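Q: Based on what follows, work out the 3D shape:
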Amino acid sequence: MHQFSAPRTSLGDLDADLAAKVITASADVSLILDESGIVRDVAFGKPDFLAGGAGAWLGRPWAETVSEDSRPKVTALLNDALADIPTAWRQITYPAGEGADIPVLYTAIRLAAPGRSGTGVGTGDQSGGTRVVAIGRDLRSVATMQQRLLIAQQTVERDYNRLRHLETRYRLLFKLSSEAVLFVDSASRRIIEANPTAHEVFGDTGRSLVGRVFPHGIEAEDADAIETLLASVRAIGRGEDVIVRLGPAKREVMVSAALFRFERTVQFLVRLAPRVVGTDGTLVTNARARVLDVVDSAPDGIVVTDLDGVILSANTAFLDYAQVATEAQVRGRPLGRFIGRQGVDMPPLIANLRELETVRQFSTVVHGDVGASTPVEISAVAVPHADRPCLGFIVRAASQRDGVGESGVAAVTVPRSVEQLTELVGRVSLKEIIRETNDMIEKLCIQAALELTGDNRASAAEMLGLSRQSLYVKLRRYNLGDLSPHDST
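A: You can find the predicted model right below:
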């Protein structure tokens, strides 16, 4: 403790009133005690420090106003102060009626016998004798901060335990996974971590895969597919799974990848699973593999797109319609590029498909990349609630009895009833429906006129307001009556 070097000179004659102000200003609570430890006067720097007021302490032993566990500290402070021994700061607690106890940090100093009592909060004993002043600092704000710190430490500890349990579960899952899993640095392509299954798949049980450059152990001709997959994942966050051959046995595995950030690095999570496995492994079972083989070999074109109509996969038959050699040439392109009139037929088809989830016998044409057009019927289904929502299309060549209109859209045989007309909605455009309606009405009117005139074509033409030549053109168009090559006038 460093004290004033010349207090009498620097402070001068400090009277009792001024000394009381200095003590009150420097402490949250100040006590004036006699030699017996009785509280003779009290001053508060904080008006709300004691709910009961100063009268609750005046005339009582200091030790009786504090908590039971703080009484030895009060006795020690008084003894040191009366012996003129510099006292250390001690934390004393006061019992509170509700809530936590009030902590106060105290130190005590012995004063000379007063000539007269100074101004205080109460009216203390005016008799002479040694006095002790106890100066206290309210620690409630510090205790609140300590409580918050304790809560924060407990929260951090709980979070740490949770993370530790998560890491334990991750390590256990990583170790027991039946799929080969690799963590690969995206910049150097070096394997950072590999699970035991990966060592078995790569046939390196005696050597570590960590540190090797990926793709390690992949056939050279399949390495480009891996590079394309990783480049797609890095660029757009996803990529199509690829099938590659692995190791000397050329075992086929399906490779998928995902991108994630760890601290300041970017890594790939690479999974390698057998292309066809039994019921224990199940990425693609034998039954599912047979279904895929059938779909790929089906005579009808089968196309899977996303919800916007962008092609995800297509079988060989559709590639023939589109006049391309490989699936990669159509993947990522809009199906509307090949179906019907670009920007006209596909939007209403997709809209109906999203709303109804199924569409049957939609008549249109498929345009190949080389220029050939094939009339087809499309049946489609929407799968919006799967993990990867998609649309599926079955493209079937139209039968020979279906004609093709001048616009390139397959025209349906002239309907014979209103019900047949309404069935055209969703299959052809409104323009085609109106044209077919006009044809139907025109044909029915000609048939009625011929019946009324007893097949007298001159009278029928006059009844319809047509020339004989126009009537014969329409008769040929609708294949009505027996016309010879010379029936034109």
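Q: Tell me the pLDDT of residue 194.
A: Here the pLDDT value assigned to residue 194 is 86.
Q: Tell me, how many residues neighbour it?
A: 24 (other Cβ atoms under 10 Å). Bear in mind the C-beta positions are built from the backbone N, C-alpha and C, glycine included.
Q: Residues in a beta bridge with it, which ones?
A: residue 182 (DSSP bridges).
Q: contacting residues for it?
A: By Cβ atoms under 8 Å, 6 or more residues apart in numbering, the residues touching residue 194 are 180-183, 208-210.
Q: what are the phi and psi angles of residue 210?
A: Per-residue torsions, residue 210: phi -60, psi 130 (degrees, to the nearest 10).
Q: If you could redo that for residue 37, that was the one I meant.
A: Backbone geometry at residue 37, expressed as degrees, to the nearest 10, gives phi 80, psi 20.
Q: residue contacts, it?
A: Residue 37 is in contact with 61-63, 74-75, 78, 132, counting by Cβ under 8 Å, 6+ apart.
Q: In TSV, list these along with pLDDT and distance to residue 470.
A: Listed next are the contacts of residue 37 as TSV, based on pLDDT from 0 to 100; distance: Cβ to Cβ, whole Å:
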residue	pLDDT	distance to residue 470
61	91	130
62	90	127
63	89	128
74	90	126
75	91	130
78	90	131
132	90	132
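Q: For those residues, give me a markdown table that also has secondary structure and distance to residue 434.
A: Shown next, in a markdown table, are the contacts of residue 37 (DSSP: H, G, I helix; E, B strand; the rest coil; distance: Cβ to Cβ, whole Å):
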| residue | secondary structure | distance to residue 434 |
| --- | --- | --- |
| 61 | strand | 109 |
| 62 | helix | 106 |
| 63 | helix | 107 |
| 74 | helix | 105 |
| 75 | helix | 109 |
| 78 | helix | 111 |
| 132 | strand | 111 |
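Q: can you pull out the strands in the stretch 51-200 of the chain?
A: Using DSSP state E, counting those that start in this stretch, the strands of the stretch 51-200 of the chain run over 90-94, 102-111, 131-138, 180-185, 191-194.
Q: ditto for the stretch 351-489 of the chain
A: Counting by DSSP E, counting those that start in this stretch, one finds strands in the stretch 351-489 of the chain at the ranges 358-367, 373-383, 390-397, 403-404, 410-411.
Q: Let me know which of those is the nearest to residue 304.
A: Between residue 304 and these, the shortest separation by Cβ to Cβ is 5.4 Å, and it involves strand 390-397.
Q: sorry, back to before: save the contacts of residue 37 as a markdown table, and put in neighbour count and distance to residue 189 too.
A: Listed next are the contacts of residue 37 as a markdown table, based on neighbours: other Cβ atoms under 10 Å; distance: Cβ to Cβ, whole Å:
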| residue | neighbour count | distance to residue 189 |
| --- | --- | --- |
| 61 | 16 | 80 |
| 62 | 24 | 76 |
| 63 | 17 | 76 |
| 74 | 22 | 73 |
| 75 | 13 | 75 |
| 78 | 23 | 77 |
| 132 | 22 | 78 |
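Q: And these, which is closest to residue 467?
A: For these, the closest approach to residue 467 (Cβ to Cβ) belongs to residue 74, at 129.7 Å.
Q: And the residue nearest to residue 468 when sequence neighbours are not counted, how far from residue 445?
A: Of all residues not flanking residue 468 in the chain, residue 461 sits nearest, at 4.9 Å (Cβ to Cβ, 6 or more residues apart in numbering). Distance, residue 461 to residue 445, using Cβ to Cβ, to the nearest Å: 12 Å.
Q: The two - which one has more neighbours?
A: residue 461 (20 against 14).
Q: and that one, how far is that from residue 209?
A: Remark: distance between residue 461 and residue 209 (Cβ to Cβ) = 89 Å.
Q: Residue 135 now?
A: Residue 135 sits at a distance of 70 Å from residue 209 (criterion: Cβ to Cβ).
Q: now residue 64
A: Separation of residue 64 from residue 209 (Cβ to Cβ): 76 Å.
Q: same question, residue 31
A: According to Cβ to Cβ, residue 31 stands 75 Å off from residue 209.
Q: before we move on, back to that, what's the pLDDT at the residue nearest to residue 468?
A: pLDDT, residue 461: 86.
Q: shouldn't it be in contact with residue 470?
A: Yes: if you go by Cβ atoms under 8 Å, residue 461 and residue 470 touch, sitting 7.3 Å apart.
Q: So residue 325 lies in a strand, does it not?
A: No: using DSSP: H, G, I helix; E, B strand; the rest coil, the secondary structure at residue 325 is coil, not a strand.
Q: Can you name the residues that contact it?
A: By Cβ under 8 Å, 6+ apart, residue 325 lies in contact with residue 319.
Q: Does the spatially closest residue to residue 331 that is not a sequence neighbour lie in a helix or a strand, and which?
A: Leaving aside its sequence neighbours, residue 331 sits nearest to residue 311 (Cβ to Cβ, 6+ apart; 5.6 Å). Taking DSSP states H and E as the criterion, residue 311 maps to strand 311-314.
Q: Output the contacting helices and strands for that strand.
A: Judged by 3 or more Cβ pairs under 8 Å, 6 or more residues apart in numbering; DSSP states H and E, the packing partners of strand 311-314 are strand 301-305.
Q: Who does residue 31 form a beta bridge with?
A: Beta bridges link residue 31 to residue 42, residue 134 when assigned by DSSP bridges.
Q: That one against residue 58, yeah?
A: No: here residue 31 does not reach residue 58: they are 9.9 Å apart, not a contact under Cβ under 8 Å.
Q: The two: who's more crowded?
A: Neighbours around residue 31 and residue 58, counted as other Cβ under 10 Å, are more numerous at residue 31. The numbers are 25 against 20.
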